[in-house]
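Novice: Coordinates only, no sequence provided:
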C-alpha cells in the first residue's frame with residue numbers, strides 16, 4: 001500500500017501555498033510540521049479532494065486517485081481542523097449518520113461505533129447533543145468519525161488541539177495502535193505528540209519541504225547545539241536577544257533562571273550541553289516563524 005505524491009503545486013493568486021511537494025507514504029504515521037501558512041491544510045485538502053492542485057499527481061498503488069474517484073475517497077478518513085458538526089444531533093446519532101454516508105452496513109456500524117466511542121472516551125455520553133459538548137469532546141468526536149469504516153488512509157489535521165494531557169496521551173496511543181495497517185498523516189503544532197510515534201517527520205515552510213526524516217535523525221542534526229544556561233534574572237533579556245531560547249525555567253535551589261538555548265558554540269562558561277528534542281529542532285528550523 002503506497003500513496004505517492006508527486007510535484008503537487010497550488011497557488012492562491014500570487015501566494016504559492018505548495019511548491020512541488022513530493023512524498024511517498026507507506027503504512028505508518030507521518031507528521032507534517034510547519035508554522036501557520038506553511039501549506040499543511042492545503043495539502044490535506046488536496047489529498048481529500050476538497051481542493052484541486054494546479055499541477056502534480058497523486059497515485060495510490062500506482063493508480064491515479066483522480067481516475068479512482070469514489071474508490072479512492074472510500075479509502076479515506078479525514079479529520080478537519082474546523083469540522084462542521086450538527087449541534088442538534090446526539091453523539092450516537094452523528095456516528096450513525098456518518099456510517100450511513102460512508103456506506104457501512106447496519107451490522108458494521110453496530111460493531112464499530114461503541115468500540116470507537118470507547119477508544120476516544122465518549123462512550124459515557126452517547127445521548128448528549130453535540131451542541132452541549134466541550135471543545136475537547138467535539139475534537140474527539142471528529143476523530144471518531146474519521147476512523148469509522150476502518151479507512152486505509154487517515155488524514156488528521158491537529159487531532160489533539162484542545163485536549164488535556166490525559167486525553168492527548170489516550171488519543172496518541174489510539175492513533176499509534178490503529179496505524180500499523182494504515183497510512184496516517186498528521187498535521188500538528190503539538191510537536192511532542194508526534195516525536196515518538198511518527199516514522200517520518202515532514203517539515204514544511206512556505207509550501208516547500210525543508211527537511212524530511214525519522215525523528216531521531218532530525219534531532220541528531222543539532223546534537224551538541226542545545227545548552228542549559230543558568231543566569232541571573234537581570235541577564236535574561238540580554239541572553240534572549242543574543243540566542244534562540246526554547247524554554248525558561250527556574251532552579252528551585254539557587255533561584256537562578258535556567259535557559260534552554262540553541263547555539264553552535266558554548267554560550268557562557270557555565271552552560272552545559274543537554275540532549276536535543278524534536279521541539280528544539282523545530283525551533284532551529286523555523287525560529288520566529290513558528291508562531292507566524
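Specialist: Okay, I see it. Remember, it's a predicted structure, so these values are computed and weren't measured experimentally.
Novice: Would you indicate which residues of stretch 149-164 are buried?
Specialist: 149-160, 163 (16 or more other C-beta atoms under 10 Å). Every C-beta, even on glycine, is put in place using the N, C-alpha and C of the backbone.
Novice: Residue 259 sits in which helix or strand?
Specialist: Using DSSP states H and E, residue 259 sits in strand 257-262.
Novice: meant to ask about residue 58
Specialist: strand 55-60.
Novice: likewise residue 136?
Specialist: Counting by DSSP H and E, residue 136 is found in helix 135-147.
Novice: Which residues belonging to that helix are considered buried?
Specialist: Across helix 135-147, burial judged by 16+ other C-beta under 10 Å covers 136-147.
Novice: Contact partners for the residue lying closest to residue 262 once chain neighbours are set aside?
Specialist: Among residues not flanking residue 262 along the chain, residue 244 sits closest, at 4.3 Å (C-beta to C-beta, 6 or more residues apart in numbering). With contact taken as C-beta atoms under 8 Å, 6 or more residues apart in numbering, residue 244 is in contact with 261-263, 283-284, 287.
Novice: CSV for those, including neighbour count?
Specialist: Below are the contacts of residue 244 laid out as CSV (neighbours: other C-beta atoms under 10 Å):
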residue, neighbour count
261, 25
262, 19
263, 17
283, 22
284, 18
287, 13
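Novice: So what touches the strand holding residue 58?
Specialist: Under C-beta under 8 Å, 6+ apart, the answer for strand 55-60 is 1-9, 20-22, 46-47, 64-66, 68, 72, 75, 153.
Novice: For the stretch 1-150 of the chain, just list every one of the helices.
Specialist: Secondary structure of the stretch 1-150 of the chain, counting by DSSP state H, counting those that start in this stretch: helices at 40-47, 65-68, 70-73, 91-101, 106-119, 135-147.
Novice: of all these, which lies closest to residue 206?
Specialist: When the helices of the stretch 1-150 of the chain are compared for distance to residue 206 using C-beta to C-beta, the nearest one is helix 40-47, at 11.5 Å.
Novice: tell me the mean pLDDT over that closest one?
Specialist: Averaging pLDDT along helix 40-47 gives 93.
Novice: hmm, who's touching that helix?
Specialist: Under the criterion C-beta under 8 Å, 6+ apart, residues 5, 8, 10, 17-18, 21, 32, 34, 51-53, 58, 76, 78, 80-81, 153, 155, 157, 185, 187, 204, 207 lie in contact with helix 40-47.
Novice: Equivalent analysis for stretch 131-145, please.
Specialist: 79-80, 83, 85, 87-88, 91, 94-95, 98, 116-117, 119-122, 125, 130, 156, 159-164, 167, 171.
Novice: what's the burial count for residue 232?
Specialist: 10 (other C-beta atoms under 10 Å).
Novice: which residues touch it?
Specialist: Applying C-beta under 8 Å, 6+ apart, we find residue 232 in contact with 256-257.
Novice: Tell me how many other residues crowd residue 48.
Specialist: Neighbour count for residue 48, taken as other C-beta under 10 Å: 17.
Novice: ok, so what distance separates it from residue 153?
Specialist: 9 Å (C-beta to C-beta, to the nearest Å).
Novice: Are there residues contacting both of the two? Which ones?
Specialist: Listed as contacting both residue 48 and residue 153 by C-beta under 8 Å, 6+ apart are residue 76.
Novice: Adding distance to residue 40 and pLDDT as columns, could you present the buried residues of helix 135-147 in CSV?
Specialist: Formatted as CSV, those follow (distance: C-beta to C-beta, whole Å; pLDDT from 0 to 100):
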residue, distance to residue 40, pLDDT
136, 21, 86
137, 24, 90
138, 21, 91
139, 17, 88
140, 21, 90
141, 22, 94
142, 17, 93
143, 17, 92
144, 22, 94
145, 21, 95
146, 16, 95
147, 20, 95
